[in-house]
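Visitor: Structure for this input, please:
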Amino acid sequence: MKFPYKRILIVGCGGAGKSTFARFMGKRFSIPVVHLDKLWWLPGWKERNCDDFDAMLKRELQKPCWIMDGNYLRTLHERLRFADVCIFLDIDVETCLLSVRERAQLYAGRSRPDMPDGCPETLHADFEEWIRGFGDQVRPRVLHTIEESGVDFYRFEDRESAEAWLLKFE
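Guide: The predicted structure follows:
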């Protein structure tokens, strides 16, 4: 079966594997990947102002095809207006924590592929706390926003199920 989507959102907790899944999907179907972290962060872990971020996001959303990974709840509703489908990697907190710890070791002192140059990987306690609170504090808002949008969406509780779904398509 041919992959039917041209504009795909991927959301989920930090460490769920959004960027990795986006890259895998992008390579498999030759769809450009947009990492929201690359739009938001400036070198030295400085945040871009919202107006500039929104302008960059708007340009990306208007393109004919993309895979966009990242939560950024403030813009989720707008992104869903352009999306054909939303993938929610609903991965358990312990797996996410393990992933961000492994990622911090793997990329220690340098930027990840889904981040801008000049943002060396580190792991802060406040990010781990955000991951721990994701299920109660962020997840319900993400699900509500997706369900309210009417956009088709798939929720996967493990990475293997997400990959198996993706492999069904040509």
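Visitor: dump the residue contacts of Gly70.
Guide: 10-11, 18, 35-37, 40 (C-beta atoms under 8 Å, 6 or more residues apart in numbering). C-beta: built from backbone N, CA, C; applies to glycine.
Visitor: ranking those by neighbours, who comes first?
Guide: Greatest neighbour count in the contacts of Gly70, by other C-beta atoms under 10 Å, goes to Val11: 29 neighbours.
Visitor: Check the offset of the helix or strand hosting it from the chain's centre.
Guide: Val11 belongs to strand 7-12 when elements are defined using DSSP states H and E. Distance of strand 7-12 from its chain centroid, counting by C-alpha atoms, centre = their mean, to the nearest Å, is 6 Å.
Visitor: sorry, back to before: could I get the contacts of Gly70 as TSV with secondary structure?
Guide: Below are the contacts of Gly70 laid out as TSV (DSSP: H, G, I helix; E, B strand; the rest coil):
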residue	secondary structure
Ile10	strand
Val11	strand
Lys18	helix
His35	strand
Leu36	helix
Asp37	helix
Trp40	helix
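Visitor: what's the following helix or strand after the strand holding Val11?
Guide: Using DSSP H and E, the helix or strand that follows strand 7-12 in sequence is helix 18-29.
Visitor: related to what we said a few turns ago, list just the nearest of the contacts of Gly70 to Tyr154.
Guide: Distance to Tyr154, by C-beta to C-beta, is smallest for Ile10 among these, at 10.1 Å.
Visitor: Please verify my assumption that the closest one contacts Ala83.
Guide: No. Under the criterion of C-beta atoms under 8 Å, Ile10 makes no contact with Ala83, lying 10.0 Å away.
Visitor: what touches both of these two?
Guide: Counting by C-beta under 8 Å, 6+ apart, the shared contacts of Ile10 and Ala83 are Met68.
Visitor: circling back to that earlier point, save the contacts of Gly70 as CSV, and put in pLDDT and distance to Asp90 too.
Guide: Output for those, formatted as CSV (pLDDT from 0 to 100; distance: C-beta to C-beta, whole Å):
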residue, pLDDT, distance to Asp90
Ile10, 98, 12
Val11, 98, 9
Lys18, 98, 11
His35, 98, 20
Leu36, 98, 18
Asp37, 97, 20
Trp40, 98, 23
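Visitor: Out of these, which two sit at the greatest distance?
Guide: Distance extremes for the contacts of Gly70: the farthest pair is Ile10 and Trp40 at 15.6 Å, using C-beta to C-beta.
Visitor: so where is the protein shaky, pLDDT-wise?
Guide: For the chain, applying pLDDT under 70 flags no range at all.
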